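Q: next one to model:
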Amino acid sequence: MTGTNSSGTFLLYLKIHGEIIAAAISGILILTAWILSGHISHALWITLLIAAFLIGGFAKAKEGITETYKTKKLNVELLMIIAAIGAASIGYWAEGAILIFIFSLSGALESYTENKNKNELKSLMKLQPETATLLNGEIISISELKPGDCITVKSGERIPADGIIVKGDTTVDESALSGESIPITKTVSDEAYAGTVNLGSSLQIEINTLPTETMFQKIIELVQDAHEERSPSQQFIEKFEGVYVNVVLVTVAVMMFLPHFLFGWSWTDTIYRAMILLVVASPCALVASIIPATLSAISNGARQGILFKGGVYVESLAKLDAVAFDKTGTLTKGEPAVVDYFIKQGENSESLANVIYTMESESIHPLAQAMKQWASVSRGGLRELSAAVKHHNGKGLSAELDGVSWWIGNAELVGKQDADQFLQVFTPQEQATTNIFVRKDAEIIAVFLLKDTLRQDAVEAIQELNKLGLRTIMLTGDNQATAASIAQEAGITEFHANCLPEDKVNYLKQLRAHNQQTAMIGDGVNDAPALATANIGVAMGAGSDIALETANVVLMKNNLAKMVNAIRISKKMNAIVKQNIIFSLAVIAILIASNFLQIINMPLGVIGHEGSTILVILNGLRMLKGE
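A: Sure thing, here's the model as predicted:
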């Protein structure tokens, strides 16, 4: 059994590292032939070089022939094999072998880039457990889980599926989803996500999503899809490659006889220069200019919690002119909170807080929860009162407590004229919130200002986007006063209030009509049309399923700072691709000119051409680090 496992491990190792091993063996054989060239027979020397040809060139020859057979088009791999055979056919065995060695080495480096991305994806997939433990202790496969099942997750274990915590308080490491290293505090009614780690006490979680539809699974699918997408630059290079290869082969065919008659070159020199042209004119470095950098950028983004759905979106982010935001859940936390209040002098704030806590505990309305949250902090150690609370739909609550009538709600509930007068303690700008009044018998004694508060990361992100010279625009369904207040607080340069979904779409169409490359960031179902209309749709990771599916880029865990990181990744990738293309074209031009002037020989042509390919691949791999 051990022997079988060892054999399987060895075969897997060969599959992963086969190309680099073959390139290394090819290089060793060439070096051996060079060292022993004066001490062994010519036949043995050629045998060593043929072995270097076969071992180093097998993978690329197979790839080139297979691709040509499928597409009925010549490619760079086949071009290089023809060049190596051509060099050997006129007696330049060593040069042909060196060409194969360096070509196989550059191919191994490119495969390394692709394998690294695949390995990162496999590592991501391993983060999701394969089994889950039910409350009765039974261990089942996660594929058997269904919504409504209750599972237990012990301290230190990864959560196997998305669900709601029904018992337990803990901290959870969500870095696998969000890229954030700081653990998140979780308690009853909070959401728990597959692939995250329970760092505290044991939890009981009620599953609310099928294992195949968890946020973690969607991340894996997004990364897989992104690797298969092609950016515009990459698509152009792939189309250009086929035409270019044919042009090179025709030019080489002409070069094999024309210089002999035009310039009086010997047949040996003519064919030799044609073979060098075949080597140096091949667009290997040009082809390798984009793919390694793009794949590395996608992997870099995924590691930071930024999911690109394709190379086209990584490339396009750097070209943005404007970024538009939805407000609720994107710029703000998506839930109201008490931001200010005024209590009439002489009233006991702790007793008032206790009354509010008692009454608001009877409601599940978001405004009631915000008031209850304020009261829970302010009421001290007072016991909760007992009262029969009456609900006034759309207005608020009322109750009788110890012979006192209490009313908590909007101005209409407590008396609009008195409410408006009581509210004058605040400036008109401060009043541009949701106002909740407290009336004790016939007198208003307190007013609370509530609003959906800005996320701190949103403020920081907008500051950075403004520094990058981008227009920042807020599109919201809120009223003008609230929108103006949020825009000013966030530092947004432009806003549009009272927007229905179609209004957001129409505004984005106007921007596109004026050649403004725009990204739209949102999280809700109502944002999906705008996300689809913008040049690039960006969804918040905790947003609705339709927003996640519609968007081109996903920012995990509602962290807008990641948008800035995404743009910087895009700018860096585009700069690297531009460097690679300019460098590779310059090298090809210099080598071709040098060949016509008979300045370089085959070894220098091989080193110059294949060396440039290796350099652009290594330059592309820089995208794996940082932004």
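
Q: which residues touch residue 504?
A: Contact partners of residue 504, counting by C-beta atoms under 8 Å, 6 or more residues apart in numbering, are 324, 326, 475, 520, 527, 529, 530, 533. No exception for glycine: its C-beta is placed from N, CA and C like everyone else's.

Q: of those residues, closest to residue 289?
A: Closest approach between those and residue 289, by C-beta to C-beta: residue 520, at 30.7 Å.

Q: which SSE is immediately downstream of the stretch of helix or strand that closest one belongs to?
A: For residue 520, the host element (DSSP states H and E) is strand 518-522. Remark: after strand 518-522, the chain's next helix or strand is helix 528-533, criterion DSSP H and E.

Q: name the nearest residue to residue 355, sequence neighbours excluded.
A: Leaving aside its sequence neighbours, residue 355 sits nearest to residue 406 (C-beta to C-beta, 6 or more residues apart in numbering; 5.7 Å).

Q: can you tell me the helix or strand for that neighbour?
A: Assessed by DSSP H and E, residue 406 sits inside strand 404-409.

Q: ok, that strand: who's next to it in the sheet?
A: strand 396-401 (antiparallel), strand 434-440 (antiparallel) (DSSP bridges).

Q: nearest to residue 27, out of the ones you listed?
A: Taking the strands paired with strand 404-409 one by one with C-beta to C-beta, strand 434-440 is closest: 72.1 Å.

Q: tally of neighbours for residue 420?
A: 12 (other C-beta atoms under 10 Å).

Q: what helix or strand is it on?
A: Going by DSSP H and E, residue 420 is in helix 416-422.

Q: for residue 487, same thing?
A: Assigned by DSSP H and E, residue 487 falls within helix 480-490.

Q: toward the C-terminus, what is the element adjacent to the longest helix along the chain?
A: Counting by DSSP state H, the longest helix found in the chain is helix 561-596. With elements assigned by DSSP H and E, the helix or strand that comes after helix 561-596 is helix 602-621.

Q: buried set for that next one?
A: Going by neighbour count (16 or more other C-beta atoms under 10 Å), the buried part of helix 602-621 is 602, 604-606, 608-610, 612-617, 619-621.

Q: who are the packing partners of that helix?
A: helix 93-126, helix 267-280, helix 284-287, helix 291-303, helix 561-596 (3 or more C-beta pairs under 8 Å, 6 or more residues apart in numbering; DSSP states H and E).

Q: so where do the helices sit in the stretch 201-350 of the chain?
A: Assigned by DSSP state H, counting those that start in this stretch, the helices in the stretch 201-350 of the chain fall at 215-228, 232-255, 258-262, 267-280, 284-287, 291-303, 311-317, 349-360.

Q: following the strand or helix carrying residue 63, which helix or strand shows up next?
A: Assignment of secondary structure by DSSP H and E places residue 63 within helix 42-71. Next helix or strand after helix 42-71 toward the C-terminus (DSSP H and E): helix 76-89.

Q: how far out from the middle of the chain is that next one?
A: 40 Å (C-alpha atoms, centre = their mean, to the nearest Å).

Q: give me the angle between that helix and helix 267-280.
A: 160 degrees (axes from the mean of the first three to the mean of the last three C-alpha atoms, to 10 degrees).

Q: list the buried residues for helix 76-89?
A: 76-88.

Q: same deal with stretch 575-587?
A: 576, 577, 579, 580, 581, 583, 584, 587.

Q: isn't the fourth one right next to residue 293, touching?
A: Yes: when contacts are counted by C-beta atoms under 8 Å, residue 580 is listed as touching residue 293 (7.0 Å).

Q: returning to what we had before: pick the most buried one from the strands paired with strand 404-409.
A: strand 434-440 (a mean of 21; mean count of other C-beta atoms under 10 Å).

Q: let's see that one as CSV, backbone CA atoms only.
A: Output in CSV follows, covering the C-alpha atoms of strand 434-440 (Å, rounded to 0.1, in the frame of the first residue of the first chain):
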residue,chain,number,x,y,z
THR,A,434,-35.0,60.4,11.0
ASN,A,435,-36.5,62.0,14.2
ILE,A,436,-38.0,59.9,17.0
PHE,A,437,-39.8,61.7,19.8
VAL,A,438,-40.7,60.6,23.3
ARG,A,439,-43.9,62.1,24.8
LYS,A,440,-44.7,61.7,28.5
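
Q: that older thread, using TSV, lay out the buried residues of stretch 575-587 together with pLDDT and distance to residue 461.
A: Shown next, in TSV, are those (pLDDT from 0 to 100; distance: C-beta to C-beta, whole Å):
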residue	pLDDT	distance to residue 461
576	93	24
577	90	26
579	93	28
580	91	30
581	89	31
583	94	34
584	88	36
587	90	40
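
Q: just those now: which is nearest residue 72?
A: Set against residue 72, the nearest of these by C-beta to C-beta is residue 584 (26.4 Å).

Q: give me every residue that touches the closest one.
A: Shown in contact with residue 584 (C-beta under 8 Å, 6+ apart): 283, 285, 286, 288, 289, 612, 613, 616.
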